[in-house]
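A.B. asks: pasting the structure only:
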């Protein structure tokens with residue numbers, strides 16, 4: 001094991017211990033995704049999915065994977081980054097051997113592990129108990145999940161830069177949560193929207209991730225559409241990484 005891996009592993013274990021002790025964060029990470037899938041399923045009962053090529057259960061579960069990533073990775077990490085900053089943990093870590101990317105990645109490690117486990121569990125439960133097709137193109141599904149996690153880690157760092165306290169994280173994370181839920185196809189597949197509206201929604205940060213995950217699980221999507229989705233997600237990741245490098249704060253605001 002390399003020195004970098006050891007340092008990140010130590011940071012990840014420490015962060016996991018703090019996550020387990022935080023009941024609210026643990027509830028958000030473990031149980032909220034299940035509740036949100038139920039909400040998605042109820043909302044899709046009122047949507048005509050005949051032209052989308054998917055059932056309500058398939059749409060809810062594939063959208064639920066992205067919702068889970070938002071809840072487990074994005075929302076938890078914004079609070080974690082802000083809390084560690086305000087407690088001077090990040091400042092102390094920077095005086096050690098770990099580099100800035102190692103500190104941020106190590107803090108994100110438990111959320112990443114949870115997200116991977118819950119993605120696999122969601123697919124397994126859908127196939128075993130809900131009569132949903134197994135992933136038709138696993139490489140697209142896995143790629144979408146990985147890109148989604150990278151994007152949301154970067155977005156969490158960028159959001160933490162403008163978040164003063166852990167309490168205010170509930171407000172600063174709301175725009176990404178609402179825009180993604182409404183416009184990225186989680187609640188309402190873009191195929192059911194007017195073309196002019198769908199074309200605008202395709203440019204949102206998590207729409208590309210949603211497109212890759214849904215195509216990977218349910219099939220469909222031509223090469224041009226999938227390449228465009230991947231490029232959109234990667235572009236937002238690059239923008240978010242730049243924002244973190246430029247504006248992320250390592251010490252409390254005074």
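C.D. replies: Cool, got the structure. Quick caveat: nothing in here was measured; it's all calculated off a predicted structure.
A.B. asks: remind me which residues of the stretch 1-150 of the chain are low pLDDT?
C.D. replies: Within the stretch 1-150 of the chain, the stretches with pLDDT under 70 are 1-2, 24-30, 34, 36-37, 39-53.
A.B. asks: Can you show me the helices along it?
C.D. replies: With DSSP state H, counting those that start in this stretch as the definition, the stretch 1-150 of the chain shows helices at residue ranges 3-21, 23-30, 32-44, 56-69, 76-86, 89-94, 100-129, 138-161.
A.B. asks: these two touch, right, residue 150 and residue 236?
C.D. replies: No - proximity of residue 150 to residue 236 does not meet the contact threshold set by Cβ atoms under 8 Å, at 10.1 Å. Quick note: C-beta positions are derived from backbone N, CA and C, even for glycine.
A.B. asks: for the helices of the stretch 1-150 of the chain, which one sits closest to residue 229?
C.D. replies: Judged by Cβ to Cβ, the one of these that comes nearest to residue 229 is helix 138-161, at 8.3 Å.
A.B. asks: what packs against the following helix or strand past the closest one?
C.D. replies: Past helix 138-161, further along toward the C-terminus, the next helix or strand under DSSP states H and E is helix 169-172. Helices and strands in packing contact with helix 169-172 are listed as helix 76-86, helix 138-161; criterion 3 or more Cβ pairs under 8 Å, 6 or more residues apart in numbering; DSSP states H and E.
A.B. asks: average pLDDT for stretch 174-190?
C.D. replies: Stretch 174-190 carries an average pLDDT of 89.
A.B. asks: Surely residue 216 is in contact with residue 141?
C.D. replies: Yes - look at residue 216 against residue 141 with Cβ under 8 Å: they come within range, at 3.0 Å.
A.B. asks: Distance-wise, check the residue lying closest to residue 69 once chain neighbours are set aside relative to residue 55.
C.D. replies: Here the nearest residue to residue 69 in space, its sequence neighbours aside, is residue 148; by Cβ to Cβ, 6 or more residues apart in numbering that works out to 4.8 Å. The gap separating residue 148 from residue 55 is 23 Å, by Cβ to Cβ, to the nearest Å.
A.B. asks: So between those two, which is more surrounded?
C.D. replies: residue 148 (28 against 16; other Cβ atoms under 10 Å).
A.B. asks: Contact partners for that one?
C.D. replies: 66, 69, 73, 206, 209, 213, 233 (Cβ atoms under 8 Å, 6 or more residues apart in numbering).
A.B. asks: what's around the second one, how many residues?
C.D. replies: To tie it back to what came earlier, the one meant is residue 69. The burial count assigned to residue 69 is 27, neighbours taken as other Cβ under 10 Å.
A.B. asks: Ok, residue 139 next?
C.D. replies: Residue 139 has 10 neighbouring residues, counting by other Cβ under 10 Å.
A.B. asks: Skip the chain neighbours and tell me the closest residue to it.
C.D. replies: Excluding the flanking residues, the one nearest residue 139 by Cβ to Cβ, 6+ apart is residue 216, at 7.1 Å.
A.B. asks: Distance check, the one you found against residue 142.
C.D. replies: Between residue 216 and residue 142 the computed distance is 7 Å (Cβ to Cβ).
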